[in-house]
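Chemist: Let me see the structure of the following:
(2 chains)
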Amino acid sequence: MKTLPVGDCVWEIPPSEKPGMLVPARIYASEALLARMDEGVFEQVTNVACLPGIVRAALCMPDGHWGYGFPIGGVAAFRADTGVISPGGIGFDINCGMRVLRTSLTEAEVRPKLAELVDALFAAVPSGVGSKGLVRLSGDEFDEVMREGARWCVRRGYGWPEDLDATEGGGCLPGADPDQVSQRAVTRGRDQLGTLGSGNHYLEIQVVPPGGIHDPRVAKVFGIEQPGQILIMLHCGSRGFGHQIGTDYLRRFDQVMHGYGIVVRDRELACAPFSSPEGRAYFGAMLAAANSAFANRQLITHRVREVMGRVFGRDPRDLGLGVIYDVCHNTAKLERHAVDGEPLELVVHRKGATRAFGPGAPDVPAAYREVGQPVIIGGSMETGSALLVGTAHAMTETFGSTAHGAGRTMSRAKAKRLVWGETLIKQMGERGIVVRAASKSGVAEEAGFAYKDLGEVVDVVDRLDISRRVVSLTPIGNIKG
Amino acid sequence: MGRHEFLESVAVADCAVEIEGDDLDDLFATAARALAEVMVDPATVPATVERSLELTAPSLDLLLYDWLSELIYVKDSEQLVFPGVEVHVTDGSPSRLTARLAGGPIDRATTALRADAKAVTFHQFALEPRERGWRARVVIDI
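Modeler: Model (predicted):
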């Protein structure tokens, strides 16, 4: 497939490359990252470019890799009036996302209690296959969670009011419609609030390494003052509740889209017009799942505070355990962006891509309005993560979007063939990273060698100015499903 | 006797599996065993729970989709996995499945956990007859 350079780290596949492409496909990557992208990325991003109502281009971020439907790292915006909504452009794990907490602790203070802390967090935050959550809810209460998201948690005492200011959309996306959610989704997910899941989901204790503060001014706005400072990062989503909503609507769209005259190149891209009854129903249900994911991360935050307060014998507020930010990377949102100079209402799908709104943009919390929205990019469990900040250029270049992680380069099956989970945990322990995991084989699947170099990904988004590097982070404790 | 193979070069973040069966019954049973193997070490789940299941779907491939989706649903809603399955599938309008399941609860003290399957995707989803038997490809979201 012809992939043409059209700028520094920008590549385009023209519409002539595949019948049905309505817009070009645009891939953001260095030459080296592009060369290592798997074939699925090119097929998938060009399939997305064929979907009705797409504007400007189908995008893929530098962490892009072969997913299902959209590539992971995929971003596409569709006209709200004539375009579609597709569960395959969001993922089953609706509002999978990242949250990061600052602390006033230093590595020197945490190291002596690190093993105890990791053990206590592992015990307090359920993870892995078949785990049940931290609260038991009635049907009416779960309806409230669907509508209110993290606000419900704060109202019930599972958080601080200021946590909401530091969460995308205030932790509660309007328009969630529990009436569009199946009873199966409720039954499947109601008892899982406050659980981590498995796969690449994690709860990490991280430290700012020497030289890890790249932009001291913005870092200070984030509450990060010096190397050695400890942060807590978590990565998880809407659990079985969101997975079931995705399953229900994918199955439904697969049956109804032909009635709308829609033909897709990958059945996983099954979709419906956003303005259709089915499209609106999915949007309402998807927002309910997004809100449950905010609640999930909020409940885990509450447990983290309880555990850290206990382990360090101090009030969590004294430990400075405030939320820096909570951001989604699997969603579709109604946003206004200029296309060919005309402001349009768009359904922006981000699948494994992070919103990266710049200074002054709507929904950027007051505390960050001058610098831009914090962006959290999670790396592999061995190598580290990064905090960045959204930019004005992202608003015009990528619908306010950037990368979400390092991006996988190796299958789970192959990673497990190359290393035993127990061996990897021991090796990481020798490097000062304490790991507790529900599944040893799951640890092997997440080995650092299965991922791209996060530094390369961050370099590219920084060079492209679709987000700017602020702080690098290194793991010292890891809880996995 | 059916067989399955996990594919290393397809959808690397998820779990792609190719399944072959001597007939439809064998293929559906093999697919269920492969799914159980994704989620747990089947040898660590003693068969303490039995149940029956019936499903219908407009086509055979949707029946396979619904069958595996049902097993994922039960894993979350009841914390049960079923490595032991006997399946009878009838092609028709609708296509029909009856199954007897043998498995048990996910016990964190004794069950070797693997990946928490989220959903069955339609990416490269295929069910097709072969000269002898049937073959399917399924990508499971992890």
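
Chemist: residues in contact with the closest residue to A:Leu137 other than its chain neighbours?
Modeler: Distance criterion C-beta to C-beta, 6 or more residues apart in numbering or on different chains; nearest residue to A:Leu137, sequence neighbours excluded, is A:Arg190 at 5.7 Å. From N, CA and C alone the C-beta is placed, and that goes for glycine too. Residues near A:Arg190 by C-beta atoms under 8 Å, 6 or more residues apart in numbering or on different chains: A:137, A:139, A:142, A:241.

Chemist: Quick check: which element contains the first one?
Modeler: Looking back up the chat, that one is A:Leu137. Using DSSP states H and E, A:Leu137 is not contained in any helix or strand.

Chemist: Equivalent analysis for the third one, please.
Modeler: When elements are defined using DSSP H and E, A:Phe142 is found to belong to helix A:139-148.

Chemist: A:Val435 and A:Ile476 touch, don't they?
Modeler: No - using C-beta atoms under 8 Å as the test, A:Val435 is too far from A:Ile476 to be in contact (10.3 Å).

Chemist: So if I had to pick from the two, which one is more boxed in?
Modeler: Using other C-beta atoms under 10 Å in any protein chain shown as the criterion, A:Val435 and A:Ile476 rank with A:Val435 on top: 25 against 21.

Chemist: Am I right that A:Ala115 falls within a helix?
Modeler: Yes - assignment of A:Ala115 by DSSP: H, G, I helix; E, B strand; the rest coil places it within a helix.

Chemist: roughly how far apart are it and A:Val207?
Modeler: 15 Å (C-beta to C-beta, to the nearest Å).

Chemist: Neighbour count: the two, which is higher?
Modeler: Between A:Ala115 and A:Val207, counted using other C-beta under 10 Å, A:Val207 has the larger neighbour count: 23 against 13.

Chemist: quick one: the more buried one from chain B, how far?
Modeler: According to C-beta to the nearest C-beta, to the nearest Å, A:Val207 and chain B sit 27 Å apart.

Chemist: does that residue really touch A:Leu473, like I thought?
Modeler: Yes - under the criterion of C-beta under 8 Å, A:Val207 is in contact with A:Leu473, at a separation of 7.0 Å.

Chemist: From chain B, how far off is the residue of chain A most remote from its centre?
Modeler: Distance to the chain centre peaks in chain A at A:Gly259, reaching 32.9 Å (criterion: C-alpha atoms, centre = their mean). Between A:Gly259 and chain B the distance is 14 Å, computed by C-beta to the nearest C-beta.

Chemist: hang on, that residue in a strand?
Modeler: No - judged by three-state DSSP, A:Gly259 forms no part of a strand; its state is helix.

Chemist: Excluding chain neighbours, what is closest to the residue most central in space within chain B?
Modeler: Among the residues of chain B, the one closest to the centroid is B:Ala32, at 2.4 Å (C-alpha atoms, centre = their mean). Nearest non-adjacent residue to B:Ala32, counting by C-beta to C-beta, 6+ apart: B:Val85, 4.5 Å away.

Chemist: quick one: secondary structure of the one you found?
Modeler: Reduced to three states by three-state DSSP, B:Val85 is strand.

Chemist: Could you name the residue of chain B that is farthest from its center?
Modeler: Quick read of chain B (C-alpha atoms, centre = their mean): farthest out is B:Ala109, 24.4 Å.

Chemist: Figure out the helix or strand that that one lives in.
Modeler: Applying DSSP H and E, one finds B:Ala109 in no helix or strand.

Chemist: ok now do it, which residues does it touch?
Modeler: By C-beta under 8 Å, 6+ apart, B:Ala109 has no neighbours at all.

Chemist: tell me the pLDDT at it?
Modeler: We have a pLDDT of 91 for B:Ala109.

Chemist: next one: the one 10 residues further on
Modeler: With respect to pLDDT, B:Ala119 has a value of 98.

Chemist: That one: neighbouring residues, count only.
Modeler: Number of residues near B:Ala119 (other C-beta under 10 Å) recorded here: 28.

Chemist: Show the backbone phi and psi for it.
Modeler: The phi/psi pair for B:Ala119 (degrees, to the nearest 10) reads phi -170, psi 160.

Chemist: quick check: mean pLDDT across the longest helix anywhere in chain B?
Modeler: In chain B, ranked by residue count with DSSP state H as the criterion, the top helix is helix B:60-77. For helix B:60-77, mean pLDDT is 98.

Chemist: and that helix, anywhere near chain A?
Modeler: Yes - counting by C-beta under 8 Å from any C-beta of the partner chain, chain A has neighbours in helix B:60-77: B:62, B:65-66, B:69, B:72-73, B:75-77.

Chemist: and of the residues you listed, the nearest to chain A?
Modeler: B:Asp76 (3.6 Å; C-beta to the nearest C-beta).

Chemist: Now the closest one. Nearest residue, chain neighbours left out?
Modeler: A:Gly240 (3.6 Å).

Chemist: Counting neighbours, what do you get for that neighbour?
Modeler: Quick note: A:Gly240 (other C-beta under 10 Å) scores 28 neighbours.

Chemist: so A:Ala76 sits in a strand?
Modeler: Yes - under three-state DSSP, A:Ala76 sits within a strand.

Chemist: contacting residues around it?
Modeler: Applying C-beta under 8 Å, 6+ apart to A:Ala76 gives the contacts A:48-49, A:51, A:54, A:58-59, A:70, A:89, A:348-349.

Chemist: Alright, calling it a day.
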